[in-house]
Each structure stands twice: as C-alpha cells, then as structure tokens.
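In: what would the 3D arrangement of this be:
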Amino acid sequence: MEDNTSYWQDNLRLIFICLAIWFVVSFGFGILLVEPLNEFRLGGYKLGFWFAQQGSIYTFLALIFWYTKKMNDLDKKHNVEEE
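Out: Numbering: from 1, shown residues only. Okay, here's the model as predicted:
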C-alpha cells in the first residue's frame, strides 16, 4: 500500500509541475507580462503576442511529451506493468 501512495504522490507532483509551467507560460507570459515581452520580437511578431497565440500551445505539446517520458520512468521505478 505504501508503494502505491508513493507512486501517486510522484504522479501528482508531475501533474502539478506541468500545470504550473503551463499556467506561467499561458497566463503569466501571455497576459500578465505581455507588455514587457512585446519589446522583443520572435519571427516578426511581438513576443508577448506570440506567447499568447502560439507559445502556450507549443509549451503544452512539449509538456505532453515530457510528462509521458517522466511517467514511463516512474512506472519503471515502481515496477508498474502494462496491462
């Protein structure tokens, strides 16, 4: 039972990290820090605008792959077998 608790605590920690990163990128960079970021350009677009339109999507996709890798590592660590 303790091993299951440890597994789910690690899983919830990963989920929290993913949600925190996505929140910072989408809400923080796309809304709160849009004005300072707009002083820089990426691909011809203001950086704040880019984060609001594309950056949060790319970050979300990267987080999916990162989460998948970390969960596979976590499954191996806790000897979880595929069913």
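
In: make it CA atoms for all contacts and neighbour counts henceforth
Out: OK.

In: count the neighbours of residue 29 for me.
Out: Residues within reach of residue 29, counting by other C-alpha atoms under 10 Å, total 23.

In: so who does it touch?
Out: By C-alpha atoms under 8 Å, 6 or more residues apart in numbering, the residues touching residue 29 are 37, 48, 51, 52.

In: and the pLDDT at the closest residue to the third one other than its chain neighbours?
Out: For residue 51, ignoring the flanking residues on the chain, the nearest one in space by C-alpha to C-alpha, 6 or more residues apart in numbering is residue 30 at 5.1 Å. Model confidence at residue 30, given as pLDDT, is 85.

In: was I right about residue 30 contacting residue 46?
Out: No: the pair residue 30 / residue 46 is not scored as a contact, 11.0 Å apart, by C-alpha atoms under 8 Å.

In: the more surrounded of these two?
Out: Taking neighbours as other C-alpha under 10 Å, residue 30 and residue 46 compare with residue 30 leading, 23 against 16.

In: A helix includes that one, no?
Out: Yes: assessed by DSSP: H, G, I helix; E, B strand; the rest coil, residue 30 belongs to a helix.

In: remind me which residues of this protein are low pLDDT?
Out: The model of the chain has pLDDT under 70 over residues 1-2, 82-83.

In: and the helices in the chain?
Out: 2-23, 34-37, 47-50, 56-77 (DSSP state H).
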